[in-house]
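Student: Below is the sequence, then the predicted model.
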Amino acid sequence: MLKRSIEILLAAALFILSPLPVFAQSERPAVVRANVYVDGGFVVGDLSSRHLFSDQIVGTVESGLPAVVELLYRLVGRDDKAVDGGVRVYELGYDVWEDRYSVAGSDSTAYYASFVTMGGAVEHLRGIKLLPISRLQDDAEYSLHFKVAVHPLRSRDRDDMVEWMGENMMGQGDTEKRQMLNLNDLIQHFFSREKSGDNQSAWFETPYFRPARLRAQGEGASR
């Protein structure tokens with residue numbers, strides 16, 4: 001049963017994240033702006049990026065194969081040590097039958113009429129929920145660092161995926177097994193590792209801020 005579950009999940013992952021060609025971009029992706037504010041008890045960010053999509057990536061998506069955009073973030077204190085962080089994964093797709101584009105995040109999917117409008121939404125992400133404000137000390141100073149990348153699924157990841165799923169599903173109860181059968185968890189595990197290359201940006205760092213001085217949504221935002 002465990003082996004069959006792994007096979008099903010691996011097949012689904014390879015279908016959703018069909019290997020994309022290694023692409024060359026004239027300019028690397030870059031994060032150019034980040035606004036950080038508070039909304040609903042969370043530190044939230046608006047992020048603007050450039051040069052995420054080469055002609056090859058556009059062509060790949062328009063052919064019906066997906067691309068994956070990954071946003072990594074980390075919260076850093078004045079001692080330059082990361083105190084928190086995470087990753088957000090966005091799957092870009094095109095439904096050739098419905099003739100519409102989509103961006104699927106962890107909890108929602110948005111649809112667009114063209115790659116241009118979809119790409120614009122991804123390059124200007126809004127309302128990214130990062131972490132609870134309660135985790136931060138009011139009188140401490142922090143900086144948020146962001147990196148964005150577009151990833152193909154590497155062929156050598158396949159064996160690693162099988163091994164990782166087997167180790168993490170072994171001995172789990174039924175409820176936990178269902179939680180493990182989550183493609184977003186799988187994608188995050190394999191794409192959150194540091195990689196180098198033209199498909200990712202350098203780290204963008206916000207100025208240091210104090211949580212107590214972060215503005216609430218609608219009052220402006222720190223830059």
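Tutor: Nice, thanks for sending it over. Numbers count the residues shown, from 1 in each chain.
Student: Now Arg78: closest residue in space, sequence neighbours ignored.
Tutor: Once flanking residues are discounted, Arg78 sits nearest to Glu141: 5.2 Å by CB to CB, 6 or more residues apart in numbering. Quick note: C-beta positions are derived from backbone N, CA and C, even for glycine.
Student: right, and that neighbour touches Gly77 too?
Tutor: Yes. Counting by CB atoms under 8 Å, Glu141 does reach Gly77; the two are 7.2 Å apart.
Student: ok so, going back, next, the contact list for the residue nearest to Arg78, please.
Tutor: Gly77, Arg78, Tyr208, Phe209, Arg210 (CB atoms under 8 Å, 6 or more residues apart in numbering).
Student: Quick check: Leu47 touching Ala30?
Tutor: No. The pair Leu47 / Ala30 is not scored as a contact, 11.3 Å apart, by CB under 8 Å.
Student: Neighbour count for these two, which is higher?
Tutor: Neighbours per residue, other CB atoms under 10 Å: of Leu47 and Ala30, the larger number sits with Leu47, 23 against 15.
Student: Flag the helix or strand of the protein with the lowest per-element mean pLDDT.
Tutor: For the chain, counting by mean pLDDT, DSSP states H and E, helix 174-180 ranks last in confidence among helices and strands (a mean of 44).
Student: what's the burial count for His124?
Tutor: Close neighbours of His124, defined as other CB under 10 Å, add up to 12.
Student: Which pLDDT value belongs to it?
Tutor: At His124, the model reports a pLDDT of 96.
Student: beta partners of the residue lying closest to it once chain neighbours are set aside?
Tutor: Spatially, and ignoring its direct neighbours in sequence, His124 is nearest to Ser48 (5.2 Å; CB to CB, 6+ apart). With DSSP bridges as the criterion, Ser48 is bridged to Arg33, His124.
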